[in-house]
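Visitor: requesting a structural model of the entry that follows:
(one chain, ligands or ions: 1)
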Amino acid sequence: MYKGEADWSLIAEVKNNPRMRIPVFGNGDIDSPEKAVEYKNRYGVDGVMIGRASIGYPWIFREIKHYIKTGTQLEGPTVAERVIACREHLLMSIKWKGPKLGITEMKRHYTNYFKGISHFKDYRTKLVTTSELDEVLEILNYIEAHQEEFILVNN
Ligand SMILES: Cc1cc2nc3c(=O)[nH]c(=O)nc-3n(C[C@H](O)[C@H](O)[C@H](O)COP(=O)(O)O)c2cc1C
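Guide: Predicted coordinates for the structure are as follows:
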């Protein structure tokens, strides 16, 4: 999506300007709870924002909150939670953009929603090859109802 690395030193410069009286939030390249905390502390900002890492993985926010509170990693979402979020995203996408574009644009998100599930490839292929809402929902419902058949290899 973007190449290169975000330069947080400029954000720190703004934050550390003695005339700065408003909160400064930093963003760019935050993709884990550890990095969120590390960057917030290292650059002295009041908060961090997250873009790309939350696309298809909205659980990053609760994982960061948990890490700040406890210093430990929260378990990743279950397969069913992933389906529920993905289905809601799909339905909102259709509501916002209409069925054709809504279903098509959703295809780029399945990889992220179901990242780390072993042997998911065939389901992903089915999800991206159909353009019928009923079929997409049927596949998602199947995954949700049979979540014990799917093994999460990493989160
Ligand atoms: C899908 C998408 C849309 C974005 N739209 C805008 C935008 O309209 N204006 C803007 O200033 N930045 C936009 N950005 C940049 C983000 O606000 C953010 O600065 C950038 O993604 C770096 O943060 P990240 O590494 O957490 O993704 C967009 C980023 C993404 C991924």
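Visitor: going by C-alpha atoms from here, please, whenever you check contacts or count neighbours.
Guide: Fine.
Visitor: report the buried residues of stretch 46-53.
Guide: Taking 16 or more other C-alpha atoms under 10 Å as the basis for neighbour counts, the residues of stretch 46-53 that come out buried are 50, 53.
Visitor: ok, now stretch 58-65?
Guide: Neighbour counts over stretch 58-65 (16+ other C-alpha under 10 Å) mark 58, 59, 60, 61, 63, 64, 65 as buried.
Visitor: list the contacts of the second one.
Guide: This means residue 59. Shown here is residue 59, whose contacts under the criterion C-alpha atoms under 8 Å, 6 or more residues apart in numbering are 76, 77.
Visitor: stretch 23-39 and the ligand, are they touching?
Guide: Yes: counting by C-alpha under 6 Å from any ligand atom, contacts between stretch 23-39 and the ligand involve 27, 28, 29, 30.
Visitor: so what's residue 5 closest to, chain neighbours aside?
Guide: By the measure of C-alpha to C-alpha, 6 or more residues apart in numbering, the closest residue to residue 5 outside its immediate chain neighbours is residue 29, 7.0 Å from it.
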